[in-house]
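K.L.:
quick one, fold the following:
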Amino acid sequence: METNLNVRVDANDKKNFEKFCDNVGMNVSTAINMFIKAVLREQKLPFEVRSKTFDDTVYDKLQEAESEMNNTSKRYSKEEIIDSINKIIR
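P.N.:
Residues are numbered from 1 along each chain as shown. Sure thing, here's the model as predicted:
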């Protein structure tokens, strides 16, 4: 027995997904059914879903700051660096 599944999707995403499916020789229904079968078979999503943790955000900001410091001739004092770090982690 089959049933319909209605899903709301951004119009541009739908158009691009339809193009992708066409390019790989399948329709949207087949692709969605493949996704559902993979989830049921593996009992997990076929990709990682996670939110950025505080540590990830701080690390990204520190990497960004380091890159900025390395790409400028300006030199920062220890106090300026500590002040910037404190702003990032607040």
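K.L.:
so where's the longest helix in the chain?
P.N.:
helix 54-70 (DSSP state H).
K.L.:
tell me the spacing between residue 26 and residue 5.
P.N.:
According to C-beta to C-beta, to the nearest Å, residue 26 stands 16 Å off from residue 5. In this view, the C-beta of every residue, glycine as well, is placed from N, C-alpha and C.
K.L.:
who has more neighbours, the two?
P.N.:
Between residue 26 and residue 5, counting by other C-beta atoms under 10 Å, residue 26 is the more crowded of the two (14 against 9).
K.L.:
what's the distance between the more buried one and residue 35?
P.N.:
Counting by C-beta to C-beta - residue 26 and residue 35 are separated by 12 Å.
K.L.:
need the residues touching each of the two.
P.N.:
Listed contacts common to residue 26 and residue 35 are nil; contacts here mean C-beta atoms under 8 Å, 6 or more residues apart in numbering.
K.L.:
buried sites along the very next helix or strand once past the longest helix of the chain?
P.N.:
Where DSSP states H and E defines the elements, the next helix or strand beyond helix 54-70 is helix 78-89. Residues of helix 78-89 classed as buried: none (neighbour count, 16 or more other C-beta atoms under 10 Å).
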